[in-house]
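Student: coords please:
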Amino acid sequence: MTGVAVGTFFPDAVQAAANGSFILVLGGIGGLLPDTLDFKYARFVEEPDILIDPHPEQFQAQNIADEIAAGIDRVGATHKKQILKCNTMRLGPDWWQQYSIQFDTKNSQVNVKLGPIVNTSQIPLPESVRDLPEGRAKIHTPLLPTYGEFTTIDIFSGPSMALEWRNERVEIDFIPWHRQYSHSLFMALLFGTLCGLLFGLTAGLIGFGAVMGHVLEDQLGYLGSNLLWPLTKVRSTGLKLIHATDAIPNFFTVGTMVYVILYNLDRFSPQPVLDPLIFWGVLWLPFPIILAYFFYSKFKTDRAKRLSLLEQQEADLVAETQEVVDA
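Tutor: Sure thing, here's the model as predicted:
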């Protein structure tokens, strides 16, 4: 929606669209491009160093915990990055065996437990919900505090994590392929240049603006993006205003972009009918009021939780990735 909205700021693009051009579609493509590159390409070309590929009938929670703990200790000893990949266990067309992994920094251990059988909607089979095997393995290398909850592996493609030596400790970096080169100024320039060469200057500006709109929106969260790739190798810290799965900010953004699109289409038409004062001052007014209430509630909640930045960054990654993979 943001990518299309960017395109409507160009009068010649709106006029061309009115005459049958698909130029505004370039904005939509640019807005979708960063996550499409990540979830449809980058995650499939990553080569794991540690592959967890359990069999549902021979699931050994303790062996998995031992293997992951050994990988962390190996990174601590060699200071060389390792990629951990956890495959899912498919039982049939619509059934999956669930399992979970936790990095317990407080007790310096990896915890693994077998979960219930779930369908593709992640609804458990009632008779499979029971006390199931667990595994615990000690880690002899200090860990950076990270996402402390259990990471669930069940449907489609399982998650990957980078085990990296940083600041005299091992950091568990969830989904290391996400928000790297695809979420950068370089990608915006590349897509904009390609659109410009193929369809003209306005198309190039729309392509650039659409990708940058996506990247800048991501900067509002806790994770951020690798804005200066390839000059930088790590993701920057975002503004920590929202989480990826916060419903109200997402609703606010989509709703506001719809208003922007409608308003721009109207003001660049031969006979505009929308009064800016009524349109933005009355019809749009509920959106910022709801958003303000969201931030007020979030401020109170965050003060009570007092989670570390790294924990919140990794929680954002897990939630966003689960949402996109499920969809």
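Student: quick one: contacts for Ala13?
Tutor: Ala13 is in contact with 7, 21, 23-24, 202-203, 206, counting by Cβ atoms under 8 Å, 6 or more residues apart in numbering. C-betas here are computed from N, CA, C, even on glycine.
Student: Phe268 versus that one, what's the distance?
Tutor: 9 Å (Cβ to Cβ, to the nearest Å).
Student: Likewise for Gln58?
Tutor: 64 Å.
Student: who's more crowded, those two?
Tutor: Legend: neighbour count by other Cβ atoms under 10 Å for Gln58 and Phe268, higher for Phe268 (18 against 7).
Student: ok so, going back, need the max-distance pair from the contacts of Ala13.
Tutor: Ser21 and Ile206 (11.5 Å; Cβ to Cβ).
Student: Compare these two and say which one has the larger neighbour count.
Tutor: Ile206 (32 against 16).
Student: That one: what's it in contact with?
Tutor: 3, 6-7, 10, 13, 23-24, 26-27, 30, 192, 195.
Student: With Cys86 instead?
Tutor: By Cβ under 8 Å, 6+ apart, Cys86 lies in contact with 52, 101, 153, 158-160.
Student: Mark which of those are part of strands, please.
Tutor: Counting by DSSP state E, those place 52, 101, 153, 160 in strands.
Student: Am I right that the first one is in contact with Asn87?
Tutor: Yes - in this structure, Ile52 sits in contact with Asn87. The criterion is Cβ atoms under 8 Å, and the distance is 6.4 Å.
Student: Quick check: Ile29 is in a helix.
Tutor: Yes - assessed by DSSP: H, G, I helix; E, B strand; the rest coil, Ile29 belongs to a helix.
Student: follow-up on the earlier one: which one of the contacts of Ala13 has the most neighbours?
Tutor: Ile206 (32 neighbours).
Student: distance of that one from Pro249?
Tutor: 24 Å.
Student: ditto for Thr141
Tutor: Thr141 is 37 Å from Pro249, by Cβ to Cβ.
Student: neighbour count winner among these two?
Tutor: Pro249 (21 against 17).
Student: List the residues that contact the nearest residue to that one once chain neighbours are set aside.
Tutor: Residue nearest to Pro249 in three dimensions, not counting chain neighbours: Ile242, with 4.4 Å by Cβ to Cβ, 6 or more residues apart in numbering. By Cβ under 8 Å, 6+ apart, the contact set of Ile242 is 220-221, 249, 298.
Student: possible to save those as JSON lines with pLDDT, secondary structure and distance to Ile289?
Tutor: JSON lines is the format used below for the contacts of Ile242 (pLDDT from 0 to 100; DSSP: H, G, I helix; E, B strand; the rest coil; distance: Cβ to Cβ, whole Å):
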{"residue": "Leu220", "pLDDT": "90", "secondary structure": "coil", "distance to Ile289": "19"}
{"residue": "Gly221", "pLDDT": "85", "secondary structure": "coil", "distance to Ile289": "22"}
{"residue": "Pro249", "pLDDT": "94", "secondary structure": "helix", "distance to Ile289": "14"}
{"residue": "Lys298", "pLDDT": "83", "secondary structure": "helix", "distance to Ile289": "15"}
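Student: mind listing the helices in the stretch 151-300 of the chain by residue range?
Tutor: 185-199, 201-218, 247-267, 276-278, 286-305 (DSSP state H, counting those that start in this stretch).
Student: how about those in TSV, adding distance to Glu134?
Tutor: TSV is the format used below for the helices of the stretch 151-300 of the chain (distance: least, Cβ to Cβ, whole Å):
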stretch	distance to Glu134
helix 185-199	42
helix 201-218	36
helix 247-267	33
helix 276-278	61
helix 286-305	26
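Student: Please work out which of these is packed deepest.
Tutor: helix 201-218 (a mean of 22; mean count of other Cβ atoms under 10 Å).
Student: Dump that helix to PDB, restricted to CA.
Tutor: Taking Å, rounded to 0.1, in the frame of the first residue of the first chain, the C-alpha atoms of helix 201-218 are listed here in PDB:
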ATOM      1  CA  LEU A 201      12.300   8.900 -15.000                       C
ATOM      2  CA  THR A 202       9.000   9.000 -13.100                       C
ATOM      3  CA  ALA A 203       8.900   5.200 -12.900                       C
ATOM      4  CA  GLY A 204      12.400   5.200 -11.600                       C
ATOM      5  CA  LEU A 205      11.500   7.600  -8.800                       C
ATOM      6  CA  ILE A 206       8.500   5.600  -7.900                       C
ATOM      7  CA  GLY A 207      10.500   2.300  -7.800                       C
ATOM      8  CA  PHE A 208      13.100   4.000  -5.600                       C
ATOM      9  CA  GLY A 209      10.600   5.600  -3.300                       C
ATOM     10  CA  ALA A 210       8.500   2.400  -2.900                       C
ATOM     11  CA  VAL A 211      11.500   0.300  -1.700                       C
ATOM     12  CA  MET A 212      12.700   3.100   0.600                       C
ATOM     13  CA  GLY A 213       9.100   3.400   2.000                       C
ATOM     14  CA  HIS A 214       9.200  -0.300   3.000                       C
ATOM     15  CA  VAL A 215      12.700   0.100   4.500                       C
ATOM     16  CA  LEU A 216      11.900   3.200   6.400                       C
ATOM     17  CA  GLU A 217       8.700   1.700   7.800                       C
ATOM     18  CA  ASP A 218      10.700  -1.200   9.100                       C
END
